[in-house]
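Peer 1: A predicted structure for the sequence below; I have some questions about it.
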Amino acid sequence: MRSPLTNPFQAGSDVVPDVWAGRADQLSDWRDVLRPRRLAGLYETGRTILGEPGTGKSSLVRRIARDAADAGDWVTPQIRMPSGADPLKLVASAVLRLADAAGLRASARQRVTDILDRVEQVAISGFALSVRGSDGPEPSTALFDLLVELGDAAIRQDVVVLIHIDEVQNISDDAALSQLLITLGDALSHEVEVRLPGGGSALRFLPIVVYLTGLPDFEDRAGARKGATFARRFRTVTLAALDEGDLLAALQPFVISGWETADGDGGVDRVTMRTEAARAIVELCCGEPFLFQLAGQGAWNAGQADVVTEDDVLAGWRSAEGEASAHVERILGRLPPREHEFIEAMGALAPSERTLTNIAESMGLASATQVGPFSRRLDTTRGIITRGKPYSFRNRAVEAYLTTDWPRA
Ligand SMILES: Nc1ncnc2c1ncn2[C@@H]1O[C@H](COP(=O)(O)OP(=O)(O)O)[C@@H](O)[C@H]1O
Ligand SMILES: [Mg+2]
């Protein structure tokens, strides 16, 4: 039965949507590289996943974490950093909860009990502990020690510990940020001795995986402070738009066999989608995960029949246009003035005219070198443009917004 209640599209934040598209590289990185390697005691860096709002950073890692938890791994919930929060405090409480779940509390070893006590203090007082001086435990050392114990227990259970810290750009205290990153980095590069089945021993890394997610600002802001250690211990990926093939593939189950829903009588119904309707959704959303869900949601809610038509998509989109504009405006509005000007100037030029020299000229600047830094950040850090010959937009929603009357269908 097709109703808002059975709508499988979810346009919100921090959800793992039922209609999932793409991100195959990142999912495979977890499944085929990161998890198996850390589980085997081999080294892998932490992962930092950055991107503009709505690119699906939180969803991606939540999905990875959900799959991990289903497989028996020890997973923190998504640890969201509110603006100005003390990161050590939040991470300490999340890791404590993992330690509880892992049964560390039941340990007969005095050392473990001591560590748990120390981390509990960190969970209460956080970074402030180290500022107060030497009377309390050093918060980062306590957290590090607990991670090592947890990692050790995970080795015995043959599982991985997964830590997900979200909205990392909100950690505004440089000292606290650097303590957190160093602690996590130290846990990732810590080696422990394990006994081998045939006798003898070997060194291995702990089965700990860390995902940091947040806005690209994290890269700039913390860049200088977090230093070389961070760069070596975390690998950064910038998420960009989804490609059309992936989005069409995500809608294929609707088109081919229909999407299963409850029929209201304890049975199941199937809601199908016309090929043209699927195409229209993919075209309207411009590759933005959030807009994909928004378009799908609107189309589903636009009628009750068992078939979603192109008219449904258009009707649904009309009611979502305001939100679609707001989504792009949020991306543009967050840009520093020069980067914003750059994007506007680029959009005003015909696609073949988008060279660095032309863009600089439209911005009233004498030379291309003056705009170099902005264009580099818009490309590498934000994933909004591609510095090819000529320059082009990688964020297709931004392009459509600036150069056509999109979101008007
Ligand atoms: N791979 C994906 N396929 C389909 N929809 C997605 C995907 N990733 C995210 N979304 C949707 O996009 C929206 C924003 O996702 P979210 O993870 O909150 O973004 P971010 O954390 O980058 O701001 C959510 O509605 C979510 O359902
Ligand atoms: Mg998010």
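Peer 2: Perfect, thanks for sending it. Ligands and ions are numbered 1, 2, ... in the order given.

Peer 1: In the stretch 151-300 of the chain, what residue comes closest to ligand 1?
Peer 2: Closest contact between the stretch 151-300 of the chain and ligand 1, by CB to the nearest ligand atom, is at P289 (3.4 Å). Every residue, glycine included, has its C-beta placed from N, CA and C.

Peer 1: residues touching that residue, list them.
Peer 2: Contact partners of P289, counting by CB atoms under 8 Å, 6 or more residues apart in numbering, are 21, 54-56, 59, 242.

Peer 1: restrict these to those near ligand 1?
Peer 2: 21, 54-56, 59 (CB under 6 Å from any ligand atom).

Peer 1: Where neighbours are concerned, which of those residues has the most?
Peer 2: G56 (28 neighbours; other CB atoms under 10 Å).

Peer 1: Which residue, other than its chain neighbours, is closest to it?
Peer 2: P289 (4.0 Å; CB to CB, 6 or more residues apart in numbering).

Peer 1: got it, and G12?
Peer 2: Q293 (7.8 Å).

Peer 1: Around that neighbour, count how many other residues there are.
Peer 2: 26.

Peer 1: The helix or strand hosting it: how far from the chain's middle?
Peer 2: Assigned by DSSP states H and E, Q293 falls within helix 289-301. Centroid separation between helix 289-301 and its chain, computed with CA atoms, centre = their mean, to the nearest Å, is 20 Å.

Peer 1: Next, E193: secondary structure please.
Peer 2: strand (DSSP: H, G, I helix; E, B strand; the rest coil).

Peer 1: Which single residue in this protein comes nearest to ligand 1?
Peer 2: For the chain, CB to the nearest ligand atom, closest residue to ligand 1: G56, 2.6 Å.

Peer 1: Pretty sure R204 is one of the things A154 touches, is it not?
Peer 2: No: using CB atoms under 8 Å as the test, A154 is too far from R204 to be in contact (11.7 Å).

Peer 1: So these two - more neighbours on which side?
Peer 2: A154 (22 against 17).

Peer 1: what helices or strands is the helix or strand L188 falls within leaning on?
Peer 2: Using DSSP H and E, the element containing L188 is helix 174-189. Applying 3 or more CB pairs under 8 Å, 6 or more residues apart in numbering; DSSP states H and E, we find helix 174-189 packed against strand 46-50, helix 87-101, helix 139-157, strand 208-214, helix 223-233.

Peer 1: how about the first one, does it get close to ligand 1?
Peer 2: It stands for strand 46-50. No: applying CB under 6 Å from any ligand atom, one finds strand 46-50 separated from ligand 1 by no less than 8.5 Å.

Peer 1: which outside residues touch the helix or strand that that strand is followed by?
Peer 2: Under the assignment DSSP H and E, the closest C-terminal helix or strand after strand 46-50 is helix 57-70. The contact list for helix 57-70, computed with CB under 8 Å, 6+ apart, reads 13-17, 20, 23, 26-27, 30-31, 35, 49-51, 75-76, 78, 160, 162, 164, 166, 211, 213-214, 239, 289.

Peer 1: could you give the angle of helix 57-70 to helix 289-301?
Peer 2: 80 degrees (axes from the mean of the first three to the mean of the last three CA atoms, to 10 degrees).

Peer 1: what's the least confident helix or strand in the protein, going by average pLDDT?
Peer 2: Least confident helix or strand, the chain: helix 128-132 with a mean of 56, by mean pLDDT, DSSP states H and E.

Peer 1: Looking at the most centrally placed residue in the chain now. What's its pLDDT?
Peer 2: Centroid-nearest residue in the chain, with CA atoms, centre = their mean: K57, separated by 2.0 Å. Note for K57: predicted pLDDT of 95.

Peer 1: Residues in a beta bridge with the closest residue to it other than its chain neighbours, which ones?
Peer 2: Nearest in space to K57, with sequence neighbours left out and distances taken as CB to CB, 6+ apart, is T213 at 4.2 Å. Per DSSP bridges, the residues bridged to T213 are I49.

Peer 1: and T213, how many neighbours?
Peer 2: There are 27 residues near T213, going by other CB under 10 Å.
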